[in-house]
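Visitor: pasting a predicted model and its sequence here:
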Amino acid sequence: MMVLSRMKNVQVLKSSWNLVRFRSTTAIPADSLFVDETIKDELASAKPYSEVPGPKPLPILGNTYRLLPVIGQYKISDVARISFLLYEMFGKIVALRGLIGRPDLLFVYDADEIEKIYRQEGPTPFRPSMPCLVKYKSEVRKDFFGRLAGVVGVHGEAWREFRSKVQKPVLQPQTVKKYIDPIENITDDFINRMIDMLDSNRELPAYFDNELHKWSLECIGQIALDVRLGCLNANLGSDSEPQKVIDAAKYALRNIGILELKFPFWRYLPTTIWRNYVRNMDFFVEVCMKYINEALERLKTKDLTKEKDLSLVERILVMEPDPKLACVLALDLILVGIDTISMAISSVLYQIATRPEEQEKIYAELKRVFPDPNEKLTAKKIDELQYLRAFIKEVFRLYSTVIGNGRTLQKDTVISGYRIPKGTQLVFPTLVLGRMPEHVSNPEKFDPERWIKQTDENNILHPFASLPYGHGPRMCLGRRFADLEMQILISKLLRRYKLEYHHEPLEYQVTFMYAPDGDLKFRMVPR
Ligand code: HEM
């Protein structure tokens, strides 16, 4: 019954890639006065926020103590487990109250409610991420960032102004397609490096995750800074610039969870971890400015009338001659574009290596699309890799690299029958939502085909249950590049090699992202 009632709101659509997509037909009334009245009535009759279930905060200590070492029951690496636990213990809406230095967190596990929230979020959605980056951009280096502070950790009109300047060039398919060739070249170099790294069993070394970081940094350097940074050079010294950028990116991102949840005291005192964070960020700004200035110099000798020949950085520099805009964009893309991609690809490669049946299907598709293994990639050919894309989607559904998304409520809102006050931070736990039987049929089954086949009445796949890149005007700015990078690496690798994994199964853990925790000692068997 429940499944059928949900299906009434879901319409099956075919996308241009022939993948099955869904659209909700739940209409939002067009007349805004009517909407206002309906919302007022809804708010008046809703249950109070205080009745939302959740773990009881202690006096003074609140709930933050639960995340402290020794006395707390939760570790940062347990964030994924906590998301499941809260749902199991309290149900589809859970409030985590009394966290030191931050508003309450409200976990929402109902995809219909999440859909409603996204559809009502307006033109400047507020994603409550990275208050430490907000402090860095808006206080510590206010002199540099000023009003053009980027998109990450920036909100309101300042976010909208920046995003609308960069949105078109970054997301335009024509721009993204131009990077097929350069990313393919980087990936060829990377695969050659992988071959050099193999041991006598043809297995990759324990430090392969660091090598994946280098590949993703090399890709993002090309996209955001117009440069081959040289990360894939053999014998990269620990003091070399690319390795320093990798280390700085790891530091900046992985300490955010610790800075924001475990030790939020940096808001009041300049702690050591906070001072190191600032030093790292200063280093990033310096590197970005150096390469953007070099791109600006090169631009002086280019024919600017041929827009199609310009790179992403050049298009941005032509549009906005103050190089700061391109520098801040590069900083944001690098900050979030290294770890996300390298962790996502670790996860996808691990799933490929441990699922031989599905791997054979990917290989069959690759052989059909690229009969000659030396054939160069093109946009048209990549577009034909339907099963590969479905496989990646299925990995994200079950092991979403970004385990959840969030929004800060900008007005009082009714969620699951409760009146939730403005300012509350909502958490949409993507990882849990994609595994709930009321959102996805047979959720434990790894089934890439569910993203391709026309589903029947009994097969559900809620469109808001698995949103690895978020949704709406604030959705991931780098998603097209992310998809492209992953598809290129997998295509190039699997067309020539079978991937195997012969060690103890790896557990997924949250460091900052959700990924297999352990040595990625894949075996590469030539085809
Ligand atoms: C598989 C890899 C990736 C995943 C899973 C991912 C996921 C996400 C998610 C969930 C968000 C929040 C969206 C929202 O609030 O609705 C986001 C934001 C963002 N992502 Fe990604 N991302 C990935 C790769 C990348 C890459 C490679 C780049 C850069 C080239 C990038 C750049 C950004 C930026 C700049 C934002 C902030 C957008 C804004 O606030 O306006 N991401 N990403």
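Guide: In hand now; what should we look at?
Visitor: for the ligand, what are the nearby residues on the stretch 1-150 of the chain?
Guide: residue 127 (CB under 6 Å from any ligand atom). C-betas here are computed from N, CA, C, even on glycine.
Visitor: what residue in the stretch 1-150 of the chain comes nearest to the ligand?
Guide: Nearest to the ligand in the stretch 1-150 of the chain, going by CB to the nearest ligand atom, is residue 127, at a distance of 4.2 Å.
Visitor: surely that residue meets residue 409?
Guide: No. In this structure, residue 127 is not within contact of residue 409 by CB atoms under 8 Å, at 11.9 Å.
Visitor: burial count for the nearest residue to residue 430 once chain neighbours are set aside?
Guide: Once flanking residues are discounted, residue 430 sits nearest to residue 400: 4.2 Å by CB to CB, 6 or more residues apart in numbering. Residues near residue 400, counting by other CB atoms under 10 Å, number 26.
Visitor: which ones are touching residue 400?
Guide: Counting by CB atoms under 8 Å, 6 or more residues apart in numbering, residue 400 touches 430-431, 434, 466, 468, 514.
Visitor: now residue 432: closest residue in space, sequence neighbours ignored.
Guide: Of all residues not flanking residue 432 in the chain, residue 83 sits nearest, at 5.1 Å (CB to CB, 6+ apart).
Visitor: buried stuff in the helix or strand containing the one you found?
Guide: Assigned by DSSP states H and E, residue 83 belongs to helix 79-90. Using 16 or more other CB atoms under 10 Å as the test for burial, helix 79-90 gives 79-80, 82-83, 85-87, 90.
Visitor: relative to residue 251, which of those is nearest.
Guide: Residue 251 lies nearest to residue 79 out of the buried residues of helix 79-90, by CB to CB, at 18.8 Å.
Visitor: hmm, back to that, distance of the residue of the stretch 1-150 of the chain closest to the ligand from residue 326?
Guide: Going from residue 127 to residue 326 by CB to CB, to the nearest Å gives 23 Å.
Visitor: then residue 179?
Guide: For residue 179, the distance to residue 326 equals 16 Å [CB to CB].
Visitor: which one of the two is surrounded by more residues?
Guide: More crowded of residue 179 and residue 326, by other CB under 10 Å: residue 326, with 29 against 20.
Visitor: mind listing what the more buried one touches?
Guide: 292, 295, 313, 316-317, 320.
Visitor: tell me the one among those residues nearest to the ligand.
Guide: Nearest to the ligand among the contacts of residue 326, with distances taken as CB to the nearest ligand atom, is residue 313, at 12.5 Å.
Visitor: contact partners for the closest residue to the ligand within the stretch 251-400 of the chain?
Guide: Going by CB to the nearest ligand atom, the ligand is nearest to residue 337 of the stretch 251-400 of the chain, at 3.0 Å. Residue 337 makes contacts with 216, 220, 223-224, 478, 481-482, as judged by CB under 8 Å, 6+ apart.
Visitor: and for residue 145?
Guide: 137-138, 328.
Visitor: next, residue 428: phi, psi?
Guide: In terms of degrees, to the nearest 10, the main-chain angles of residue 428 are phi -110, psi 100.
Visitor: okay, now it: neighbour count?
Guide: Around residue 428 there are 25 other residues, counting by other CB under 10 Å.
Visitor: can you read off the pLDDT for it?
Guide: For residue 428, the pLDDT comes out at 94.
Visitor: for whichever residue of the stretch 51-200 of the chain sits closest to the ligand, give me its contacts.
Guide: Distance from the ligand to each residue of the stretch 51-200 of the chain (CB to the nearest ligand atom) is smallest for residue 151, at 3.6 Å. Neighbour list for residue 151: 159, 162-163, 166, 332, 477 [criterion: CB under 8 Å, 6+ apart].
Visitor: would you list those in a markdown table and tack on neighbour count?
Guide: Output for the contacts of residue 151, formatted as a markdown table (neighbours: other CB atoms under 10 Å):
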| residue | neighbour count |
| --- | --- |
| 159 | 22 |
| 162 | 21 |
| 163 | 17 |
| 166 | 23 |
| 332 | 24 |
| 477 | 22 |
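Visitor: intersect the residues you listed with the contacts of the ligand.
Guide: 163, 332, 477.
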